[in-house]
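In: Here's my sequence, what's the structure:
(chains A and B)
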Amino acid sequence: MQHGKYRFIVGFLALPLIIYGIFVISPFIQAFQISLTDWSGLVGSSKFVGLDNFERLWDSDDFWNALRHNVYMLALVPVVTLGMGLFFAFMLNVGGKQKKNEVVTGVTGSKIYKFVFFFPQVISITIVAVIWFNIYNPDPNDGMLNSLLGAVGLDNLQNAWLGEKSIALWCISAVMVWGHVGFYVVLFSAAMASIPRDIYEAALLDGANRFHTFFKITLPLLWDTVQTGWVYMGIIALDAFALVQIMSVNMGGPDGATDVMPLRLYQTAFRDSQFGYASAMGIAMLIVTMTFALLTMRFARRERIEY
Amino acid sequence: MGSTSAHNNGGLGRRDVIKRSAALGLIAVPTMGFLSACATGGGGDNDKKTDAPKGETSAENPLGVKNGAPLEAFIFKGGLGDQYAKDAEADYKTKYKAEVKHTGTQQVGPKLTPRFAGGNPPDVIDNSGADHLDMNKLSGQGQLQDLKALLDAPSMDDPTKKIRDVIHPSTLDKGMHGDKFDVLYYAFTIYGTWYSQKLLDDKGWAYPKTLDEMVTLCGEIKKAGLAPWTYAGKFPYYVHFNLFGQIAKIGGMESWIAIDNLEPNAWTSNDAVKQVAEHYEELAAKKYFLAGSQGLTHIQSQTAWTKGNAVFIPNGSWVENEAAPTTPKDFGMSVGALFDGSGDKMPSGTLRGEPSEPYIVSANGKNPTGGMELLRIMLSKKHAQNFATKVKSLTCVQDATEGMTLSPGLASASKAVKAAGPNLISLQLQEWYPALTDEKIGGLTGQLLTGDLKAADWIKKTQAEADKVAKDSSVTKFKRTS
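Out: Numbers count the residues shown, from 1 in each chain, chains lettered A, B, ... in the order given. Alright, predicted model coming up:
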C-alpha cells in the first residue's frame, strides 16, 4: 500500500498547490522583482535600478517613523488585547460564584456578554473606523466621547483626540483593541471549555482562589492558544492600515504621528506613483512580519502540558 | 482526555501554529500581491497604439468623432458631484449615437492605476480629489493626449471663435506640462476667506481689510462668544488655500515663483512668509480657532461654520455646493479677498482664483477624439451655465454666467473676481508637489495652528521639506517663469 502513497497525495494536492503558487507565491516573487526597478505603475515598462530602492528606504526618515509606530503598537496592543480577552474569558467561564450543582461557572449573564463582546468582530473594519472617527469628533456637542465627558462633568478631559499629536496613535490603538477583544474572548472561552472540570474541582478543594486557578491552571493549559493569538494580533498591529487610513488626520498625522508602514506603502504607490519603491517597502514589511513571527515562536516555546 | 492540546476546539498544535503564522505573514502584506498583479496585468504597449476610431470632419464635427464609437468617462465625484458631466455625456450620446460608460468615484488613482498600467485607460478622466493620479508622471510617460486639437477647434456657440479664445487665459498656462497642453482645468475656483454676510451684518462687523484688522475683529468675535475661525484639521492643506495666497499677495508673484520652483531659501528669505506665518501664530496663541478644529473633517468644519459656531473658514468656491445641505437659506455666503500686510507687492483686492478640476484625455484610450469632443461639449455656454446652476461654481469659459441669476456664494465670488481685475493669483506648488504641500507642510501647518509650532520653526522646517523634494531625483520637477 505504501508505494502508491506519494502519488496519491500529489494527486490530491496538485491543484491547490498550483493555485497557491500562482496567486500567493508568484506575486511575492514578482514584488521582489519589481522592487529592483523604478516602475511607476502607470506604464508597462520600467528600468532596472538594483538595490537603489532599498537604499532609499534605509535612509528614509518617513519609513522609520512609520515602522516605529508599528513597533509601539506591536509592543502594546497584543498585550492589552490578549490580557483583556483572557480576563473576560476567565470571568465568563470559571469566574462565577459557586452554585449548588456546578463547581465551575461563569458570571451571571455570561452568554449575553459573549455575544456583546463578539459583536465588533462581525462588522467590517471600515465601519468600525468610521464609527470611532465620529465618536472621537472633537465637537463638544456632536462628538460622542466629548459630550459624554461633558455630561458627567469631566469637561477638562475633553480633547481633540485624533487631532492631538500626543494621543492620536493611542486613540487608534484603542479602537484596534476594542475591535479584537471579542474574538479572543470567544477563542479563549472555547479553549477553556475543554479544560477538564475535575482539575478545577481539585484545585478548589485544595483551597485555591480565582487568582491561583487562573495563573496555575488556566493560563498554562491555554498556552498554545495564547501563542497563536499573540502572533495573529502582532500581525494586526504591524498592519493597522485601514484604521489609520480612515481615522487619522492628514493621512498618518497630525504631523506624521500615526503613520504606519502599510499607509506609507499605499501613499508611495498610489499618490506618488512609485510602485518600485513601494514594492521595496512591501519586502521590508514582509521581513519585519516574518521576523516577528519567528521570534515569537522561538521564545514563547514552553513544555506542552498534557492532560 | 485528549493527548495534546491540538485536539482542543480551535486550539492548534505547535506545528500548525508555525504553518499558520507563515501564512498570516503572507496575508499581512496583501498590497504587495496587488502591486504585482498590476505588473502582469497588461504590458506597456506604448509603441503599438491601436488605431483610434476616426470619423469624417465637418463643421458640426470638427474633431472627426466616429459615430457609434463608445466612450468611457471617469469622473471625480466630490464637492461638485458628477451630474454636470452626465448631462454633457447625454448630449454626446444623442449627437453621436454612441454608448457612453460613466463612472463617478472618489478614488480616481487607486481605480485607474492598474488600468493605465494595463494599457486600457478610460477616455476622459476628471483627475481630482485626494486620491488623484500623478499627472506629472502621466504626462512624462506619454499617457496624456495633447489637447492642441481641442484648443484649435471652434467653439460650439460661435464657430468663428476657437476654444482657446473662449476660455480663461490662465487655463492655458496651468494645463501645460513643458510645452504640451494636456490638462484642461474645467472649473475656475476662487480661494479665500469665506463667511456669512448676514452674521457680519447682524453683529455690525465689517470684513477686515488687513491682517491686523482681522486680529482685532477676532478679539471682538471671541468676546461675543463665537469662535473667529475654524478649519479642516483632518486636511490641514485647506488652510494653505489662504496661507499660500496671502504669502504671494504680500511678497509678490516673483518670490512665490521661487517657491513653486523649489529654489533654495525661497521660504526663509521671503519676508512675506514671516509676516503670514506670524499672523497664524498669533491667531493660534490667542485661541482664535474653534476648539477641536484640528480633528475635524472638511465637512464637519463647514457644518460648524454654517451653524454659526465659527465666523471664518479658509475654503474654495466649491464650498457653497458642498455645504448646501446644512446652509441656512439667508446665510449670505460670501468670499473675501486676501488681506493687506505691510509693504505689499500686490494691491488690495488681490484674489487667489485659478483653474481647477483637471480633465485629461488618455492618449492610449480607445477613443481620444471622442474624449476631446466631450470636453468641447462641456465648454459650450449651455454646459458652462448648467455647471454654474448645478454646482454653484464658475467654469473656465469666460463670461458664461453673464446675465444669469447666481447663487449668493457664486455671485460673491464672481464679484470678487471682477474687483480683482488682473490681480488674480495662481499657484502651482500643490499641483506639482502634492506630497510636499499636503502631507509635509500640511503636517507643519496643523501644528502651527494648534500652537505646537512657532512661526520661525514652521518656516525652517518648511524650507527643509522643500529642499528635500528639490534633491529627490524620483520626483519630476517643473519650472514656471510667470
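In: what's the closest residue to B:Glu322 other than its chain neighbours in contact with, if anything?
Out: Among residues not flanking B:Glu322 along the chain, B:Gly79 sits closest, at 3.9 Å (CB to CB, 6 or more residues apart in numbering or on different chains). The way it works is simple: take the backbone N, C-alpha and C, and place the C-beta from them, glycine included. Listed by CB atoms under 8 Å, 6 or more residues apart in numbering or on different chains, the contact set of B:Gly79 reads B:318-319, B:321-322, B:391.
In: hmm, try it at 7 Å
Out: B:318, B:321-322 (CB atoms under 7 Å, 6 or more residues apart in numbering or on different chains).
In: Retrieve the pLDDT associated with B:Leu12.
Out: B:Leu12 carries a pLDDT value of 41.
In: secondary structure class for B:Met346?
Out: When classified by DSSP: H, G, I helix; E, B strand; the rest coil, B:Met346 comes out as coil.
In: thinking again about what came up before, show me which of the contacts of B:Gly79 are buried.
Out: Neighbour-count burial (16 or more other CB atoms under 10 Å in any protein chain shown) is assigned, among the contacts of B:Gly79, to B:318, B:321-322.
In: Determine the number of other residues adjacent to the closest residue to B:Ala69 other than its chain neighbours.
Out: The shortest distance from B:Ala69 to any non-neighbouring residue, by CB to CB, 6+ apart, is to B:Pro53 (4.0 Å). By other CB atoms under 10 Å in any protein chain shown, 18 other residues sit near B:Pro53.
In: same check, this time on A:Trp170
Out: Applying other CB under 10 Å, we find 15 residues neighbouring A:Trp170.
In: Kindly provide the distance from it to A:Arg68.
Out: 14 Å (CB to CB, to the nearest Å).
In: returning to what we had before: ok, the contacts of B:Gly79 vs chain A, which is closest?
Out: Distance to chain A across those (CB to the nearest CB) is lowest for B:Glu322, with 17.8 Å.
In: Return the per-residue confidence for that closest one.
Out: On pLDDT, B:Glu322 comes in at 86.
In: With A:Met1 instead?
Out: 53.
In: re earlier: filter the contacts of B:Gly79 down to the ones in helices?
Out: B:321-322 (DSSP state H).
In: With distance to B:Leu429 as added columns, please give the contacts of B:Gly79 in JSON lines.
Out: Output for these, formatted as JSON lines (distance: CB to CB, whole Å):
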{"residue": "B:Trp318", "distance to B:Leu429": "20"}
{"residue": "B:Asn321", "distance to B:Leu429": "25"}
{"residue": "B:Glu322", "distance to B:Leu429": "23"}
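In: any idea where the helices of the stretch 201-307 of chain A begin and end?
Out: A:210-212, A:219-237, A:241-247, A:261-266, A:275-299 (DSSP state H, counting those that start in this stretch).
In: Out of those helices, which is the most enclosed?
Out: helix A:261-266 (a mean of 24; mean count of other CB atoms under 10 Å in any protein chain shown).
In: rewinding a little: ok, of the helices of the stretch 201-307 of chain A, where does mean pLDDT dip lowest?
Out: Lowest mean pLDDT within the helices of the stretch 201-307 of chain A: helix A:210-212, at a mean of 79.
In: can I assume B:Asp165 sits in a helix?
Out: Yes. Assessed with three-state DSSP, B:Asp165 lies in a helix.
In: what about the residue nearest to B:Glu322, which SS state?
Out: On the three-state scheme (three-state DSSP), B:Gly79 is labelled coil.
In: Point out the residues in the stretch 151-300 of chain B that sit beside chain A.
Out: Listed as neighbours of chain A in the stretch 151-300 of chain B under the rule CB under 7 Å from any CB of the partner chain: B:233-236, B:292, B:294-296, B:300.
In: 8 Å - rerun?
Out: Contacts of the stretch 151-300 of chain B with chain A, taken as CB under 8 Å from any CB of the partner chain, map to B:233-237, B:291-296, B:300.
In: immediately after the helix or strand of chain B with the lowest mean pLDDT, which helix or strand?
Out: Least confident helix or strand, chain B: helix B:30-41 with a mean of 42, by mean pLDDT, DSSP states H and E. Where DSSP states H and E defines the elements, the next helix or strand beyond helix B:30-41 is strand B:71-76.
In: can that following strand be found next to chain A?
Out: No. On the criterion CB under 8 Å from any CB, strand B:71-76 is out of touch with chain A, staying 14.6 Å away.
In: Give me the residues contacting that strand.
Out: B:82, B:85, B:89, B:92, B:98-106, B:108, B:111-112, B:122-129, B:132, B:357, B:365-367, B:370-371, B:374.
In: Among those, which ones are in strands?
Out: Counting by DSSP state E, the part of those found in strands is B:100-105, B:124-126, B:357.
In: Surely A:Leu286 touches A:Phe28?
Out: Yes. Taking contacts as CB atoms under 8 Å, A:Leu286 lies within contact range of A:Phe28: 7.5 Å.
In: Give me the helices and strands touching the longest helix anywhere in chain B, please.
Out: If you go by DSSP H, chain B has its longest helix at helix B:455-471. For helix B:455-471, the elements it packs on are helix B:271-285, helix B:442-450, judged by 3 or more CB pairs under 8 Å, 6 or more residues apart in numbering or on different chains; DSSP states H and E.
In: now with 10 Å?
Out: Secondary-structure packing of helix B:455-471 (3 or more CB pairs under 10 Å, 6 or more residues apart in numbering or on different chains; DSSP states H and E): helix B:253-260, helix B:271-285, helix B:442-450.
In: okay if I get the ones you listed as JSON lines plus mean neighbour count, mean pLDDT and distance to A:Asp139?
Out: Formatted as JSON lines, the helices and strands packed on helix B:455-471 follow (neighbours: other CB atoms under 10 Å in any protein chain shown; pLDDT from 0 to 100; distance: least, CB to CB, whole Å):
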{"stretch": "helix B:253-260", "mean neighbour count": "20", "mean pLDDT": "91", "distance to A:Asp139": "35"}
{"stretch": "helix B:271-285", "mean neighbour count": "20", "mean pLDDT": "92", "distance to A:Asp139": "19"}
{"stretch": "helix B:442-450", "mean neighbour count": "25", "mean pLDDT": "92", "distance to A:Asp139": "16"}
